[in-house]
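Chemist: prediction below, plus the sequence it came from.
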Amino acid sequence: MKRFEIIKKRQLNDTINWYTIYAPLIAKHAKPGQFIILRVDEHGERIPLTMAGHDEKEGTIDIIVQTVGRTTMLLEQLQVGDCLADVVGPLGQPSKMDGLKRVCIVGGGVGNALAYPLAIGMHQHGIHVTMICGFKTKDIVILEDEFRAGVDEVYMVTDDGTYGEKGFTTDKLKQLLDDGNKYDEIVAVGPAVMMKFVCGIAGDYGIPSVASLATYMVDGTGMCGGCRCIVDGESKFVCVDGPDFDGSKIDWDLLIKRGKTFAEEEGEDRQHVCKLIGGVRQNA
Amino acid sequence: MPNMRPDKNPMPEQDPNVRNKNFEEVALGYTEEMALDEAERCLNCKNHPCVDGCPVNVHIPNFIAKIVNKDFEGAYEEITLTNSLPAVCGRVCPQENQCESKCVRGIKGEPVGIGRLERFSADWHEAHHGDAKIEPVKSNGHKVAVVGGGPAGLTAAGDLVNKGYDVTVFESLHKIGGVLVYGIPQFRLPKEIVQTEVDKLAAKGVHFVTDAIVGKAITIEELMDEEGFEAVFVGTGAGLPMFMDIPGESLVGVVSANEYLTRINLMKAYRDDYDTPIARPKHVVIVGAGNVAMDSSRCAKRMGADVKLVYRRSEKEVPARAEEFEHAKAEGIDFHFLTNPVEILGDENGNVCGIKCIKMELGEPDASGRRRPVPIEGSEFVIDCDYVIMSLGTKVNTLIRDTTSNITPTKKGGIDVDENGMTSHPGIFAGGDAVTGAATVIKAMGAGKVAAAGMDAYIQGK
C-alpha cells in the first residue's frame, strides 16, 4: 500500500463520500474527536477534517467528506488506488469521555459524520448515547443504519419533514429534555448556528455542553493562529486547544463571523472547479 | 595591495518600483568583477575577528583569499567546511550584527561585503558545478533522527550524514525547510535554493519524512525505543504567534504574520496556479518592525495593497536586518514609528475597518537596554485599513516537552540543553529557536552543529 492511498470509497449520498485512507502513523495514535489536515495535490490548499474512524491494525483512517468547495470537489474526483498528496495528524485533543454515563449527541448535516466516531467511541466506553441526527431534507440523510447499530437511541429529524420527524434538532432536544430525559452532557456537532442554539438549550436546562468546532486553519499545530476563537473571554486555538470546547463559554457570534472569512473566494472557487474537465489537475 | 576604497560594492538590485510588484529575487548578486573587487578589500588580517563573529565560524579570510585568486570553487569549498547552507546564509544572515560588525574595514568605512561574497561563491558553485554527482556517504550503522526540517535540523542532518550516520528528518509540514520555506519570502530567498540544499542532503543519504508531527503521529520515545534511533535532535523552532491582547483582535481581517506568510510562501497564494485562499485587502497595517514584519509588509505590497507599518519604538530601535528595512522603505512601505495599536475597529459584519493607535515617546531604558516607549496621553488616532497583520514575535511550541519524559524547560519556555546541546533526557538533543526562542537562521545552524557533534560523541561513547 502506498502512502495516503485511498483504500475504500463509499458514496453516502449525492454530495457525501466516505474514504478510507492508508496512513499507519496517524492510525496508530488517533482517538475519537481528533482531526487531520489533508492536501489533495501539490497545488491544493490544506483543509482540516475530523476523522470518522481509524483502524490501527490495517493502518487506515476514515474521513467522511461533503463536497462543498474546490478542495472537496477535487477530492471527490479521486478513486480507490489514488493517493492524496498529504495527510497529517492526529491533530487536536481527543474528546473527553471519563465520568460520563448518559450523553446526548446532536448532529447537524455532515456534522453527523463527524459525530459518528464519537458516538460509537462513547458507546463502546460504556456510555448511554442518545443521538439526534438532523438534516435539511431526506435526500441528504446519512449513516442512519450505522447509528442504529452503534448507539442506544437514535432520532432522525428533517427540517422539511421529508424523513423522520419534522423540525430542527433543537426542537427534538427540547422535547427529550421536557420529557424528563437526563444527560450528563450534550454534545453539538454541526453548523455553528445549530451548535450555538443546542448549547444554549443545554444551558437553559443546566446541562454541560460541548461543541466540536470546525474553523479554517493552515498548519494545524498552533503556528498560524487562524483558528483562534474566544472561549471564556480567552483566545484559544481550535487546532491545539480544541476542537472540543465548553459550549456555554464560546463566543458564538464572533465564531460565526470568522467562519465567513473566505466566503467570497469559496463562491468563486465553486464556479471554477465546475468548469474543470477531467477532475484533478494534470499539472500537479 | 588591497583595495582601500572605503565603501562596499553595492548589490545590484531590481528597481524598487518594479520589484514591489513581483516576487522575483530583489538582490541580483555580484558579478565576477564585483566579487573580485570586493574581495580585494579584505586585509586578510591576522586576528580575523570576522570568524569569531560568525555562529558557525566560516573561515572568512581564507575563502575571500580564494576569490581574489579567482578560485571560486575553492572559495565555496572553504565555506562549506563549516557552513552547509552558504547560498541561504549569504542571503538571510544579519551580517551587520555578526561577521561584518567585527570587520576592521568597518572602522573607517564600510566592512567587507562578506555576506555578498558568500552568496557569490555559493551561486557560482551552483551555476558551474551544481550538477556534480553526490555520492551517498558510507553508513556507520547508527540511526539518528532529526525532528524539524528547518535550518537547525538541516544543519544537524548534514553534519551527521557526513559522519556516516543514517539520518531521518521528520517534518510536520508538507515541505522541508522550516522557516526558510514558510516564513522567508521568495523575493528574499528563492525556494529553489532551499530545495537544492535538501536534494543534496537526500543524495548523501538523509531520509526525509514530511507530514509527520512528532509528538502526535509518533513520540520521541517511540522513535528511540521502537524504531531504533539512538539519538534524536529536536529543532522544532518557535512557531506560536503572539497577539497583543487588545480589543478587536478576533475580527475578520486580523491575522498573524505566520499565517499570512505561510499562505504566501509555503502555500504560494501569490500564484494563480495554487488554490490557497488569501484575502486581497487594499489597506494593510503591519504591527511590529522585525524581519518578519518587513517580510509581511513587502508581501502585502506585492499583493497590491497600500501598506503602513506601525512600531511602538523609534526608527533607531527597528530590530529588522538593515537591508530588509532599507528595502521595505524603498519599496514604498509607509512607516509610523512611536505608534502603538490600542484597539482594532470593526464594521457591523465583523470585518476590520480601522486600527486605533496611540502616539508613544521614549522614556528610560528598559530591561533590553532600549529606551522604553511610553504612551502620550490623549494622542489616540485612527488609521483606516481593512487588514491587520500582527508581527509581534513567536513563542516555543510545547508539544515536544508535553509528550516526552524528562525534558527540562528554560525559564522562557524553551528546551534546556547543556553545552553539547543535550537535554536533560539522555540521547535527546535540541537547538535553535526551540531552545532560545525566536532568533536567526544562522544561530539555529550553529546550534545544529553543536548538537550534531554532541550526538556523535554521545553515540561513540556508549
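Modeler: Nice, I can see it.

Chemist: help me confirm that B:Ala202 is found in a helix?
Modeler: Yes: membership of B:Ala202 in a helix is supported by DSSP: H, G, I helix; E, B strand; the rest coil.

Chemist: number of residues surrounding it?
Modeler: 17 (other Cβ atoms under 10 Å in any protein chain shown). For the C-beta atoms, the positions are set from N, CA and C on the backbone; glycine is no exception.

Chemist: show me what contacts it?
Modeler: Listed by Cβ atoms under 8 Å, 6 or more residues apart in numbering or on different chains, the contact set of B:Ala202 reads B:Phe208.

Chemist: now stretch B:309-317: how far from the chain's centre is it?
Modeler: 21 Å (Cα atoms, centre = their mean, to the nearest Å).

Chemist: pLDDT of that stretch, averaged?
Modeler: Within the predicted structure, the mean pLDDT of stretch B:309-317 is 95.

Chemist: repeat for stretch A:144-159
Modeler: 95.

Chemist: do the same with stretch B:409-418
Modeler: Stretch B:409-418 comes out at a mean pLDDT of 93.

Chemist: likewise for stretch B:198-218?
Modeler: Rounded mean pLDDT across stretch B:198-218 is 95.

Chemist: how about the CA coordinates for that stretch, as CSV?
Modeler: Taking Å, rounded to 0.1, in the frame of the first residue of the first chain, the C-alpha atoms of stretch B:198-218 are listed here in CSV:
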residue,chain,number,x,y,z
VAL,B,198,17.6,19.5,0.6
ASP,B,199,18.2,17.5,-2.5
LYS,B,200,21.9,17.4,-1.8
LEU,B,201,21.3,16.0,1.7
ALA,B,202,19.0,13.4,0.2
ALA,B,203,21.6,12.4,-2.3
LYS,B,204,24.1,11.9,0.6
GLY,B,205,21.6,9.5,2.1
VAL,B,206,19.4,11.6,4.5
HIS,B,207,15.8,10.3,4.6
PHE,B,208,13.1,12.9,4.7
VAL,B,209,9.6,12.2,6.1
THR,B,210,7.2,15.0,5.6
ASP,B,211,3.6,15.3,7.1
ALA,B,212,4.9,13.7,10.3
ILE,B,213,4.1,15.5,13.5
VAL,B,214,6.4,14.1,16.2
GLY,B,215,4.6,14.3,19.5
LYS,B,216,1.3,13.5,17.7
ALA,B,217,1.8,10.8,15.0
ILE,B,218,4.8,9.3,16.9
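
Chemist: buried set for it?
Modeler: Buried residues in stretch B:198-218, counting neighbours by 16 or more other Cβ atoms under 10 Å in any protein chain shown, are found at B:198, B:200-202, B:204-218.

Chemist: so of the residues you listed, which ones are in strands?
Modeler: Here DSSP state E is the test, and the buried residues of stretch B:198-218 give B:His207, B:Phe208, B:Val209 as lying in strands.

Chemist: distance check, the nearest residue to the first one once chain neighbours are set aside against chain A.
Modeler: Distances taken as Cβ to Cβ, 6 or more residues apart in numbering or on different chains place B:Thr168 nearest to B:His207, at 4.3 Å, with adjacent residues excluded. Computed with Cβ to the nearest Cβ, to the nearest Å, the distance linking B:Thr168 and chain A is 13 Å.

Chemist: same deal with B:Arg280?
Modeler: Taking Cβ to the nearest Cβ, one finds B:Arg280 at 9 Å from chain A.

Chemist: tell me the SS of that residue?
Modeler: Relying on three-state DSSP, one would call B:Arg280 coil.

Chemist: what does the stretch 51-200 of chain B put close to chain A?
Modeler: By the rule Cβ under 8 Å from any Cβ of the partner chain, the part of the stretch 51-200 of chain B lying against chain A is B:Ser172, B:Leu173, B:His174, B:Tyr182.

Chemist: which among those gets closest to chain A?
Modeler: B:His174 (4.5 Å; Cβ to the nearest Cβ).
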